[in-house]
Every structure is written in C-alpha cells, then in structure tokens.
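**Student:** Quick check, what structure comes out for this input:
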Amino acid sequence: MQEILDPLPVGRLWGVGQATLARFERLGSGAWRTCDGCRPRCCCDTSARLGEQFLRLARGEDDRPVTPDHQAKSISHEITFPEDVAEIDVLRRVVLRQTEDVGYRLRRLDLLARTVTLKIRLGDFTTLTRAATLAEPTHLTADLWRAARDLLSTWHGGSPPPVRLIGVAASQLSRADTRQLSLFEDKRRDAQIDAAVDALRARFGPNAIRRGNPSPQSHGDTERD
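**Tutor:** Model prediction:
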C-alpha cells in the first residue's frame, strides 16, 4: 500500500485543496509534492487536527465509512480551510471547482439532481446551509454552477464573514433516462463542453482542465492546468 501512496501527488489526499497546496509549497522544497515528502511536514505546517488528518491519509489510514455513489442520497464536495477565508473571489473559485466535481460525478453515474445546496461554516463554527430547487433535474455544470453561484451571492451580500468550511451538494437524485436527456438539446453547447472536459479529466486526472476564474455572473471559461 505505502509503495503505491508514496509517489502520488499530495493533492490526491482528501481535503487537500489549492490553499493547502500553496501552504505546503511555501516550505520551499519540492518534497511536499508527494505523499512521501509531505508526511514528515504535515503536522508542523498545518493545524494539529488537519496535520494529523493528512498524516494518516498519507499513510493510507482512513476509518471513515465508504458510501458508494449509487447508494448516496446526495453527492457533495466540501473543504475545510487551514485558515479562515473572507475573500469572495477565493470562495467563488472554490465553489466553482466543487460544482465541477459534483457535476462530473453526476454524469459519470448517469444521475440528475434537482436541488443544489451550499454549506458554509463560519470562523466561529456556525454552520449555514442554503438550497435552491432547479426547474428541471440536471447534471450540466453550467446549470449547477448558476444555482451555486446565486446561493453564494445571495448569502454574502458583497461582504462575507470569515469562512472556515464551504461545500456544494447535489440532491434529489434521479436516473438520467432518454426523456430527461432530451431536455438538454437546447443546451447543446453546455453538454458538449462537459463531455470534452470529462474526457480530459478521465484521461489526465481531475485537475487536467478547470474553468477559469469566474465573475459573479459568468458560467466560467475552461482553462488547462
């Protein structure tokens, strides 16, 4: 097991996002880039709780229960920041990436979602949720992002308080049958973009291509890493 984990990029660890990667990079050494290199640095470079979590994951130790996607009632992605984040542009980029990941998993499993939920935990550990019900079930990233973006904008009102955790979830899941997929014909461009992005991610990994930095009203343009 360890010989498989050691050479993997540290970004493959659950919960390691862009903020944590940047923090590892500030160590000034290339060793942080792999699980093998990050293990001795995890606890000294992050909070004690997160450091211990990353250390266990880098060793292949994870006692969380496994719930197969096809049995789940929702599909979600969330991140706990090493430090509170109050910059709305940063939060918007994180929510876009989480929405991309949720959409990718929905399409991979031939599922559609009717509800999008935004989860926010503040610096004082107050947890808030905001949900939107879509007009039609969908697995298109553009539709999911539009809902998540609007929920974020409505919540923060231009000046968000410090955020410790943020996440996006899709629920009210249903199987994507032929009749439902026909609803996407008027959104052919969005479906084509998703298909192209999915193919690249399947071939080169989840971070092979991402939508660009979003404006408050944008769908997000794609960019290669």
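
**Student:** could you give the mean pLDDT of the longest helix along the chain?
**Tutor:** Identified as the longest helix of the chain according to DSSP state H is helix 88-108. Over the span of helix 88-108, the pLDDT mean works out to 94.

**Student:** Quick check: can you name the pairing partners of the helix or strand just after that helix and their directions?
**Tutor:** The helix or strand immediately downstream of helix 88-108 is strand 111-122, counting by DSSP states H and E. Here strand 111-122 has these sheet partners by DSSP bridges: strand 127-138 (antiparallel), strand 163-175 (antiparallel).

**Student:** out of the ones you listed, nearest to residue 190?
**Tutor:** strand 127-138 (9.4 Å; C-beta to C-beta). All C-beta atoms are positioned from the backbone trio N, CA, C, and that covers glycine.

**Student:** okay, the angle between that closest one and helix 88-108?
**Tutor:** Using axes from the mean of the first three to the mean of the last three C-alpha atoms, to 10 degrees, one finds that strand 127-138 and helix 88-108 are set 40 degrees apart in direction.

**Student:** Go ahead and name everything in contact with strand 127-138.
**Tutor:** 112-122, 143-144, 147, 150-151, 154-155, 165, 172, 174, 180, 183-184 (C-beta atoms under 8 Å, 6 or more residues apart in numbering).

**Student:** Going by residue numbers, what spans are helices in this structure?
**Tutor:** With DSSP H as the criterion, the chain has helices spanning 2-5, 18-25, 35-38, 42-45, 48-58, 88-108, 141-156, 178-181, 188-204.

**Student:** Flag whichever of those has the least confidence on average.
**Tutor:** Least confident of the helices of the chain, judged by mean pLDDT, is helix 42-45 with a mean of 46.

**Student:** Adding mean neighbour count and distance to residue 82, write the strands paired with strand 111-122 out as CSV.
**Tutor:** Converted to CSV, those look like this (neighbours: other C-beta atoms under 10 Å; distance: least, C-beta to C-beta, whole Å):
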stretch, mean neighbour count, distance to residue 82
strand 127-138, 14, 18
strand 163-175, 19, 10
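
**Student:** can you tell which of these is closest to residue 194?
**Tutor:** strand 127-138 (10.5 Å).

**Student:** pLDDT on that closest one, on average?
**Tutor:** 94.

**Student:** CA atoms only for that strand, dumped as CSV, please.
**Tutor:** The C-alpha trace of strand 127-138 is given here as CSV (Å, rounded to 0.1, in the frame of the first residue of the first chain):
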residue,chain,number,x,y,z
THR,A,127,-22.9,26.3,10.1
LEU,A,128,-25.3,27.6,7.5
THR,A,129,-27.0,25.9,4.5
ARG,A,130,-28.7,27.5,1.5
ALA,A,131,-30.6,25.4,-1.0
ALA,A,132,-32.1,26.0,-4.5
THR,A,133,-34.6,23.8,-6.3
LEU,A,134,-33.9,23.7,-10.1
ALA,A,135,-36.6,24.0,-12.7
GLU,A,136,-35.6,20.6,-14.1
PRO,A,137,-33.2,17.9,-12.9
THR,A,138,-29.8,18.3,-14.5
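
**Student:** That'll do, ta.
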